[in-house]
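1. All I have is the shape, not the residue letters:
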């Protein structure tokens with residue numbers, strides 16, 4: 001099973017060329033489950049679903065959510081959560097999205113989020129991951145598989161991520177396989193990131209995390225993707241994505 005996460009950067013920049021690069025990449029990587037952030041356009045979500053042939057779409061109508069799940073596995077339930085912690089630097093709320101997916105008698109809970117982005121906003125992200133974990137604990141199955149993904153806007157050694165990993169005991173898929181690699185998902189090699197104001201440092205801020213039941217002895221690979229420019233030097237987004245692959249030969253039947 002392949003799971004992909006990407007902050008899509010909404011409709012910014014050369015959106016038509018970026019959308020083409022996004023579609024080409026998804027066809028190339030062939031994920032079974034897609035978790036998007038900043039996909040605020042519901043019509044574009046449905047178009048992606050149709051053009052890529054995903055039978056199931058879980059999205060939200062919240063103006064500032066932009067959290068979307070496309071899946072080959074059917075969802076039996078889902079919920080959007082609006083976080084109570086609002087950044088003093090932002091005039092909108094942050095959200096988390098849960099979808100409970102079913103396959104061949106197995107359950108896979110997927111959680112998607114996007115935390116506040118300002119570099120100095122550490123305390124907000126620390127509070128948001130605590131809220132996020134409470135939301136996860138309420139919805140995940142005790143004996144099932146679980147994946148958490150999204151744009152956390154903080155590095156692996158940040159207080160927010162170290163707390164979340166310690167509390168959840170979820171496995172950082174990329175960090176586990178490549179503990180000494182930078183794995184930047186925000187990189188100034190990307191001209192869209194380079195042109196961001198203020199200029200932000202290169203960092204690994206996008207993650208796929210999995211509980212031990214799913215990751216232990218099942219995690220086969222994880223890589224940073226969408227990290228190369230397509231035609232005319234266009235990247236799919238201002239972020240790079242992450243793709244993780246799991247062996248589910250005795251799990252959900254795809």
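-> The structure has been received and is ready for your questions. Keep in mind that what you see is a predicted model, and the values were worked out from it rather than measured. Numbering: from 1, shown residues only.

2. Can you list the residue ranges for helices in the stretch 151-254 of the chain?
-> 159-168, 173-177, 191-194, 212-215 (DSSP state H, counting those that start in this stretch).

3. Of all these, which one comes closest to residue 23?
-> helix 191-194 (17.4 Å; Cβ to Cβ). From N, CA and C alone the C-beta is placed, and that goes for glycine too.

4. by contact count, what packs against the closest one?
-> Helix 191-194 sits against no helix or strand, with contacts defined as 3 or more Cβ pairs under 8 Å, 6 or more residues apart in numbering; DSSP states H and E.

5. What residues of the host helix or strand of residue 77 count as buried?
-> If you go by DSSP states H and E, residue 77 is part of strand 75-82. Buried positions in strand 75-82, judged by neighbour count with 16 or more other Cβ atoms under 10 Å: 75, 78, 80, 81.

6. Check the burial of the closest residue to the first one other than its chain neighbours by counting its neighbours.
-> Meaning residue 75. Spatially, and ignoring its direct neighbours in sequence, residue 75 is nearest to residue 99 (4.7 Å; Cβ to Cβ, 6 or more residues apart in numbering). By other Cβ atoms under 10 Å, the residues close to residue 99 number 27.

7. mind listing what residue 12 touches?
-> 192, 238 (Cβ atoms under 8 Å, 6 or more residues apart in numbering).

8. which residues of this structure score low on pLDDT?
-> Applying pLDDT under 70 to the chain picks out residues 61-63, 104-105, 251-254.

9. Run through the bridge partners of the closest residue to residue 67 other than its chain neighbours.
-> Of all residues not flanking residue 67 in the chain, residue 97 sits nearest, at 4.0 Å (Cβ to Cβ, 6+ apart). Beta bridges link residue 97 to residue 80, residue 112, judged by DSSP bridges.

10. Touching, residue 97 and residue 57? I think so.
-> No. At 11.9 Å, residue 97 and residue 57 do not qualify as touching, with contact defined as Cβ atoms under 8 Å.
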